[in-house]
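Visitor: A structural model of the following input is requested.
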Amino acid sequence: MAIKRFAGNSGELVTVEHRSAILADNPLNDPSVRQFHVWLPPGYDRGQSHNRGKRFPVLFDLVGYTGSGQSHTNWRAFDENVPERVARLIHQHKMTGCILVFPDCFTALGGNQYINSSAIGNYADYLTKELIPFIDREFRTLAAREHRGCFGKSSGGYGAMIHGMKYTRYWGAIANHSGDAFFDFIYRSDWPNTLTQLARFNPEKQRDGLWTGSPVDYSAGVDDGRVKAFLAHAWKRERLNPQEMHCLMNLCMAATYDPDPAVPNGFRVPFNFETGELIPSRWSQWLKHDPVKLIRRYRKNLSRLQGIYMDCGWRDQYHIHYGCRQISRQLAEAGIEHRYEEFDGTHSGIDQRMDISLPFLQKALRG
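Guide: From the prediction side, this is the model:
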């Protein structure tokens, strides 16, 4: 079950393998057997032999888009990975021991948002109904929501926020670094690039001269073949350029927020392929998943959390700080205690913020 990677004063990193029934036969044919890392704090083994099997709180690390759990445990030049960071924080007495879990939730669309989708897979159920009990069986956890938290950045921050709203029965505290919010700002501005990338794969090739429009009705957001062709292209490439990667990301979001098993590819898009016009009926499906639209609905669940931490750089290139400010304001208006910080930074290179969020979580979950 476990392969030791390193041990000692830096803790112990083990590799575990889990066979998922929930991810079996997923629509993207992604693996249902996943290997991922679990970090055990210094003294975990000593606790077992000398402290009557001491148990620890658990933190699940939800990585951002195109990431996987191992991207947070690998060696990093001139920087710390997450286990090294936590070992240092423990050594500095800024937090005490906890177990870290680094799930692998990567998909053929580059990732997911840690929610259930008929077009991608049921990753919320995978985390809550399979991985949590699996970790509680295999390791000496404090197996209760009051001692279990999740954290992440970007898509991972979104996942942590959504899980704090919808799945409070499993989580006691969350930390959200620059998590996707206020979809009208963060997603809409990049769709022109996505439509231009998809136009390269239009079954009707563009020609010089008068534009006469297309006889195809694009008002339902249904693929005419270009999305399928782009995905086939992307899956053959060794490396996507930045424009192609953002196109893939937006298609991943469409598959997350507006899945429909009855249409090609299993999802719809929110813009007219030909004119770029927003399709209101489709965009409304996206907004149902926007955290700024969900605070009122889930305020009772949010009020049950023992800790809510959020932060965002005020130069975030995806403009996420505006959504974070709305969330913080709504939480305050609802009387929900939380901590929201801003800092001079962008969406990139902000791992140092975990020096604040991880001790916050550990303290909230200490019990």
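Visitor: Quick check: Arg76 vs Gly110, distance?
Guide: Distance, Arg76 to Gly110, by CB to CB, to the nearest Å: 21 Å. To be clear about C-beta, it is placed using only N, CA and C from the backbone, and glycine gets the same treatment.
Visitor: Compare the two (neighbour count), which wins?
Guide: Gly110 (17 against 14; other CB atoms under 10 Å).
Visitor: right, and Arg282 touches Val269 too?
Guide: Yes: counting by CB atoms under 8 Å, Val269 is a contact partner of Arg282 at 6.9 Å.
Visitor: what sits in contact with each of those two?
Guide: Counting by CB atoms under 8 Å, 6 or more residues apart in numbering, the shared contacts of Arg282 and Val269 are 221, 258.
Visitor: Compare those two (neighbour count), which wins?
Guide: Under the criterion of other CB under 10 Å, the comparison of Arg282 against Val269 puts Val269 first, with 27 against 22.
Visitor: Identify the residue spatially nearest to the more buried one, adjacent ones excluded.
Guide: Gly221 (4.6 Å; CB to CB, 6 or more residues apart in numbering).
Visitor: what's the neighbour count on that neighbour?
Guide: 21.
Visitor: tell me the domain ranges of the chain?
Guide: 2-181+292-365, 185-287 (automatic domain parsing).
Visitor: now, of those domains, which is deepest in the fold?
Guide: Scoring the domains of the chain by mean neighbour count under mean count of other CB atoms under 10 Å gives domain 2-181+292-365 as the most buried, with a mean of 19.
Visitor: Just give me the longest helix of the chain.
Guide: For the chain, the longest helix by residue count, based on DSSP state H, is helix 242-257.
Visitor: hmm, back to that, got CSV for the domains of the chain, with mean pLDDT too?
Guide: Output for the domains of the chain, formatted as CSV (pLDDT from 0 to 100):
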stretch, mean pLDDT
domain 2-181+292-365, 94
domain 185-287, 95
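Visitor: got the contact list for Arg188?
Guide: Leu278.
Visitor: So which residues of the stretch 1-150 of the chain form helices?
Guide: 44-50, 82-91, 123-125, 132-138 (DSSP state H, counting those that start in this stretch).
Visitor: try the stretch 251-367 of the chain
Guide: Using DSSP H, counting those that start in this stretch, helices in the stretch 251-367 of the chain cover 280-287, 299-304, 320-333, 354-365.
Visitor: what's the third one packed up against?
Guide: Pointing back at helix 320-333 there. When contacts are defined as 3 or more CB pairs under 8 Å, 6 or more residues apart in numbering; DSSP states H and E, helix 320-333 packs onto helix 183-186, strand 307-313, strand 339-343.
Visitor: Apply 10 Å and report the result again.
Guide: Applying 3 or more CB pairs under 10 Å, 6 or more residues apart in numbering; DSSP states H and E, we find helix 320-333 packed against helix 155-166, strand 173-177, helix 183-186, helix 299-304, strand 307-313, strand 339-343.
Visitor: Restricting to C-alpha, output the longest one in PDB.
Guide: This file holds the C-alpha atoms of helix 155-166, laid out as PDB (Å, rounded to 0.1, in the frame of the first residue of the first chain):
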ATOM      1  CA  SER A 155      -9.000  26.000  -9.100                       C
ATOM      2  CA  GLY A 156      -7.900  24.400  -5.800                       C
ATOM      3  CA  GLY A 157      -9.000  27.500  -3.900                       C
ATOM      4  CA  TYR A 158     -12.300  27.300  -5.700                       C
ATOM      5  CA  GLY A 159     -12.700  23.700  -4.700                       C
ATOM      6  CA  ALA A 160     -11.900  24.500  -1.100                       C
ATOM      7  CA  MET A 161     -14.500  27.200  -1.100                       C
ATOM      8  CA  ILE A 162     -17.200  25.100  -2.700                       C
ATOM      9  CA  HIS A 163     -16.500  22.200  -0.400                       C
ATOM     10  CA  GLY A 164     -16.800  24.600   2.600                       C
ATOM     11  CA  MET A 165     -20.200  25.500   1.200                       C
ATOM     12  CA  LYS A 166     -21.700  22.300   0.000                       C
END
